[in-house]
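Asker: My questions concern the predicted model and sequence given below.
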Amino acid sequence: MAGRAAGCAVIGLLAAGHIREGHAAKLTAAGAHHVAADYREVDRIVRDRLRS
């Protein structure tokens, strides 16, 4: 939420053992622009954003 308030692009990361079902929806509801399942996906999202 702080990232959104600061005008940043926010990526929610689901790459941890404690992540439960429905967490992606919670991150999106909290304002994440993107949700990534792992660090490779974070890399892809960042690279795509840098190209645009």
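Answerer: Cool, got the structure. Numbers count the residues shown, from 1 in each chain.
Asker: which residues are in contact with stretch 7-15?
Answerer: With C-beta atoms under 8 Å, 6 or more residues apart in numbering as the test, stretch 7-15 has contacts from 3-4, 23-24, 27-28, 30-39, 42, 45-46, 49. Using the backbone N, CA and C atoms, a C-beta is placed for each residue, glycine as well.
Asker: so how far is Asp43 from Leu13?
Answerer: Shown here: Leu13 relative to Asp43, a distance of 11 Å by C-beta to C-beta, to the nearest Å.
Asker: And Ala29, by the same measure?
Answerer: For Ala29 relative to Asp43 (C-beta to C-beta), the value is 25 Å.
Asker: Equivalent analysis for Gly31, please.
Answerer: On the measure of C-beta to C-beta, Gly31 and Asp43 end up 21 Å apart.
Asker: and Gly3, how many neighbours does it have?
Answerer: 15 (other C-beta atoms under 10 Å).
Asker: Can you name the helix or strand that it falls in?
Answerer: Element membership for Gly3, per DSSP states H and E: helix 2-5.
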